[in-house]
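Chemist: fold the following for me, if possible:
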Amino acid sequence: MDLYPAVDIRAGAAVRLFQGRFDRPESYGDPVELARSYVERGARRLHVVDLDAARSGSPVNRQVVTEIVQAAGVPVQFGGGIRAQNDVAGILDVGVERVVMGTAAVSDPELLAVVARAHPGHVCVGIDYRAGTDSLGISGWEETAQVSLGELLGRCSALPLAGIVVTAIDRDGTMEGPDLAGLERIVGLTDHPVTAAGGIASVDDLVAVGDIEVDGRRVAGVITGKAVASGALSLEDAMKVCS
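Modeler: Sure, this is the predicted structure:
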């Protein structure tokens, strides 16, 4: 199971939000330095999000993202504000390995199909859901999608995606543990590799996610944000468990 330490960027700084709420940020300093520290401690890949872009659709922190890619030297998975073909091509050109499309994947299925086929194996669909429901959050989680989780996964089934990145909105930034029931359901609904985010707080949480299995399929990766950034979860321990 791959481990992705997360670097979320708002106004040029590394932050963590509680349940995606922009009025509840916690600062973790310089995002480039944070990314570099993760790699120095053994991270083999990173998950980077431009929170401002996710909200507005404008590449507010693109220069910071570019600096992270150049400094990290490991594969970077990036999401936030990817709403057009040029957005996908542009972010791949700066060295990002995998692009996560959330809002656009929900609102513009034709665009998703075009970019997935143009860049096979480099585009992920970001699904931000509310635990226990089919409700999806878009536009920085400030709006609710008009398509259900099951419908979106169905649209994705025939596309050459790199994977599905799922975030339990209610758990994100809470360190209250992952939504295991929701993850099990999602793994059972798609043949694409699933990367899970939201609520990871401990080694036990990682083990529980790794133990999910549906018809021989397991969670392919997990994203850790606040737990690792705050030091509550040792990155070294997390890497050891996942590998």
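Chemist: just say helix, strand or coil for residue 78.
Modeler: Assigned by DSSP: H, G, I helix; E, B strand; the rest coil, the conformation of residue 78 is strand.
Chemist: tally of neighbours for it?
Modeler: The local packing of residue 78 (other Cβ atoms under 10 Å) involves 27 other residues. (Glycine included, C-beta is placed from N, CA and C.)
Chemist: for it, give its distance to residue 193.
Modeler: 17 Å (Cβ to Cβ, to the nearest Å).
Chemist: could you do residue 95 as well?
Modeler: 21 Å.
Chemist: repeat for residue 28
Modeler: Residue 28 is 28 Å from residue 193, by Cβ to Cβ.
Chemist: with residue 135 instead?
Modeler: For residue 135, the distance to residue 193 equals 23 Å [Cβ to Cβ].
Chemist: of those two, who's got more company?
Modeler: residue 193 (18 against 14).
Chemist: my read is that the more buried one contacts residue 218, right?
Modeler: No - with contact defined as Cβ atoms under 8 Å, residue 193 does not reach residue 218; the gap is 9.3 Å.
Chemist: count of residues packed around residue 49?
Modeler: Residues lying near residue 49 (other Cβ under 10 Å) number 29.
Chemist: that's a strand at it, yeah?
Modeler: Yes - remark: residue 49 belongs to a strand, assigned using three-state DSSP.
Chemist: who are the neighbours in contact with it?
Modeler: By Cβ atoms under 8 Å, 6 or more residues apart in numbering, the contact set of residue 49 is 6-9, 78-80.
Chemist: can you verify residue 161 is assigned to a strand?
Modeler: No - membership of residue 161 in a strand is not supported by three-state DSSP, which gives coil.
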